[in-house]
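Student: here is my input, please return the structure:
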Amino acid sequence: MSKAKVMESKRYMALGLMSGTSLDGVDAAVIETDGEEIFRFGRTICIDFPDDGGAVKDAVKIALNWRFNGPPPNKLQIGSDYIDAVHIEAIGSLGIENVDIIGYHGQTVFHQPAQNGEKGQTLQLGSGQTLATKFGVPCVYDFRTADVKAGGQGAPLAPIYHQALCRYSQLKGRIAVVNIGGVSNVTLIDGNKPLIATDCGPGNGPLDSWMELKGGRNYDLAGEQSMKGHSDLKRIARWFERDFFKRPTPRSADRYDFDVLADMRGMSLENGAATLASFCAQSISRDLRAFTPDNIIVCGGGRHNPAIMGMLDMHTDGNVLSAEDVGWDGDALEAQAFAYLAVRTVKGLPISFPGTTGVPYPMTGGVVARP
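Tutor: Sure thing, here's the model as predicted:
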């Protein structure tokens, strides 16, 4: 068999890493895959950022002030070193034995998608070379830049993995896979038809910021505050006038595109939480209306908030399920996705598509760092 055929058929034990826009920690997961099919799931772990992620939040503030104007600030390296260190800790806790490849998303600190004919820019902190050298296996990282340079949105990237998960679980019908992290996004799957995906709007990000500002805790545990309050529908309608919601799909967002806290002065903790939960759910439902899915499968931290889940059920016609209802691990799913994407990258398989990021043609992405 030729070397190319061996590469095509090879199965990898791949370790994926995800630290998302919720800024709460690192998820790590191992799967066995050939970059097309999923064969089995391995161990998973989630660790919190030390010191409440202060170094990451500082890096985000620096990046928001920089906005790609001029050379990158030197202080971003502090955040990058911190991100590497936390991911090294996660891999050490999970274990690297029998792992063939690492998929390292890194930490997004600023994302400026393509719009109005202008190409975008994106920055994820973290050195794949540092991880490859440390653990002695290839590490794929910087997954988004190639897509953005080609005119794509750079996100979401998990849709091709969502499709593989549906095949693995033998799910039929029209399926919407919704991820609610700092930002919310959806993948629309209808058999073998081309994938459709988009960022929808806010996820947990604004609600987490509100809780930190008003409640002293950086998230709404079990939706306790969201469930107590009343949504301000007039405010939400005003927020939907923002530019993001007028852009065609597929579109992508930065968590801070939905920084609405300045418009919430005078609101109680509970009413503000309920309003932001409703903003999240309604944002998702707007992108589901035309697709009319049979099942809506929710992963990410937002599925733990019964207010968001209840409001999503209220605003949509499909059957709203959590990832666990169909046998998936909703906390590890995004880390698993980047394990899968790492294998696709080394095999030269596409990871983004016209219907998922708006890129002109299906394309691979990611940079491969070798030990």
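
Student: wasn't V177 part of a strand?
Tutor: Yes: with DSSP: H, G, I helix; E, B strand; the rest coil as the criterion, V177 is part of a strand.

Student: give me the element the residue found closest to Y256 once you drop the neighbours it is linked to in the chain is part of.
Tutor: Of all residues not flanking Y256 in the chain, L64 sits nearest, at 6.4 Å (Cβ to Cβ, 6 or more residues apart in numbering). In this view, the C-beta of every residue, glycine as well, is placed from N, C-alpha and C. With elements taken from DSSP states H and E, the one containing L64 is helix 54-66.

Student: report the buried residues of that helix.
Tutor: For helix 54-66, a neighbour-count test (16 or more other Cβ atoms under 10 Å) marks 55-56, 58-60, 62-63, 66 as buried.

Student: kindly report the same for stretch 199-217.
Tutor: 199-211, 214-215.

Student: and if you look at stretch 246-265?
Tutor: Buried positions in stretch 246-265, judged by neighbour count with 16+ other Cβ under 10 Å: 247, 249-258, 260-261, 264.

Student: now swap in stretch 98-117 and tell me
Tutor: 99-115.

Student: quick check: which element contains R167?
Tutor: helix 159-168.

Student: please point out which parts of that helix sit buried.
Tutor: 159-166, 168.

Student: how many residues are close by V326?
Tutor: 17 (other Cβ atoms under 10 Å).

Student: and E118, by the same measure?
Tutor: 10.

Student: which one among the buried residues of helix 159-168 gets closest to A335?
Tutor: Y161 (10.5 Å; Cβ to Cβ).

Student: how close does the residue nearest to A281 when sequence neighbours are not counted sit to A29?
Tutor: Closest residue to A281 in three dimensions, ignoring its sequence neighbours and counting by Cβ to Cβ, 6+ apart: M311, at 3.6 Å. Distance of M311 to A29, given as Cβ to Cβ, to the nearest Å: 29 Å.

Student: using PDB, write out every CA atom in stretch 269-285.
Tutor: What follows is stretch 269-285, C-alpha atoms only, in PDB (Å, rounded to 0.1, in the frame of the first residue of the first chain):
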ATOM      1  CA  LEU A 269     -29.800  40.900  39.300                       C
ATOM      2  CA  GLU A 270     -32.700  38.500  38.600                       C
ATOM      3  CA  ASN A 271     -34.400  40.500  35.800                       C
ATOM      4  CA  GLY A 272     -31.000  41.200  34.100                       C
ATOM      5  CA  ALA A 273     -30.200  37.500  34.200                       C
ATOM      6  CA  ALA A 274     -33.600  36.500  32.800                       C
ATOM      7  CA  THR A 275     -33.300  39.200  30.000                       C
ATOM      8  CA  LEU A 276     -29.800  37.900  29.000                       C
ATOM      9  CA  ALA A 277     -30.900  34.300  29.000                       C
ATOM     10  CA  SER A 278     -33.800  35.200  26.800                       C
ATOM     11  CA  PHE A 279     -31.500  37.200  24.500                       C
ATOM     12  CA  CYS A 280     -29.400  34.100  24.100                       C
ATOM     13  CA  ALA A 281     -32.400  31.800  23.400                       C
ATOM     14  CA  GLN A 282     -34.100  34.200  21.000                       C
ATOM     15  CA  SER A 283     -30.800  34.700  19.100                       C
ATOM     16  CA  ILE A 284     -30.600  31.000  18.400                       C
ATOM     17  CA  SER A 285     -34.300  30.600  17.600                       C
END
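
Student: contacts for stretch 293-301?
Tutor: Contact partners of stretch 293-301, identified using Cβ atoms under 8 Å, 6 or more residues apart in numbering, comprise 20, 22, 24, 171, 173-181, 184, 188, 203-204, 219, 288, 309, 312, 316, 318-323, 325-326, 328, 330-331, 333-334.

Student: and L312, what element?
Tutor: helix 306-315.

Student: counting contacts, what elements does that helix pack onto?
Tutor: In terms of contacts (3 or more Cβ pairs under 8 Å, 6 or more residues apart in numbering; DSSP states H and E), helix 306-315 is packed against helix 224-228, helix 269-288, strand 295-299, strand 319-322.

Student: any chance of a markdown table for those, columns mean pLDDT, distance to R344 and mean neighbour count?
Tutor: Shown next, in a markdown table, are those (pLDDT from 0 to 100; distance: least, Cβ to Cβ, whole Å; neighbours: other Cβ atoms under 10 Å):
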| stretch | mean pLDDT | distance to R344 | mean neighbour count |
| --- | --- | --- | --- |
| helix 224-228 | 97 | 37 | 20 |
| helix 269-288 | 98 | 25 | 25 |
| strand 295-299 | 97 | 20 | 25 |
| strand 319-322 | 98 | 27 | 17 |
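
Student: report the angle between the helix or strand hosting P206 and helix 269-288.
Tutor: Assigned by DSSP H and E, P206 belongs to helix 205-214. Going by axes from the mean of the first three to the mean of the last three Cα atoms, to 10 degrees, helix 205-214 is angled at 170 degrees with respect to helix 269-288.

Student: how about the helices of the stretch 1-150 of the chain, start to end?
Tutor: Using DSSP state H, counting those that start in this stretch, the helices of the stretch 1-150 of the chain run over residues 3-9, 54-66, 76-94, 128-135, 145-149.

Student: which among these is found nearest to I47?
Tutor: Set against I47 and scored by Cβ to Cβ, these come closest in helix 76-94, at 5.1 Å.

Student: what distance do you get for the residue nearest to Y256 to A222?
Tutor: Noted for L64: a distance of 30 Å to A222, by Cβ to Cβ.

Student: now swap in P73 and tell me
Tutor: 38 Å.
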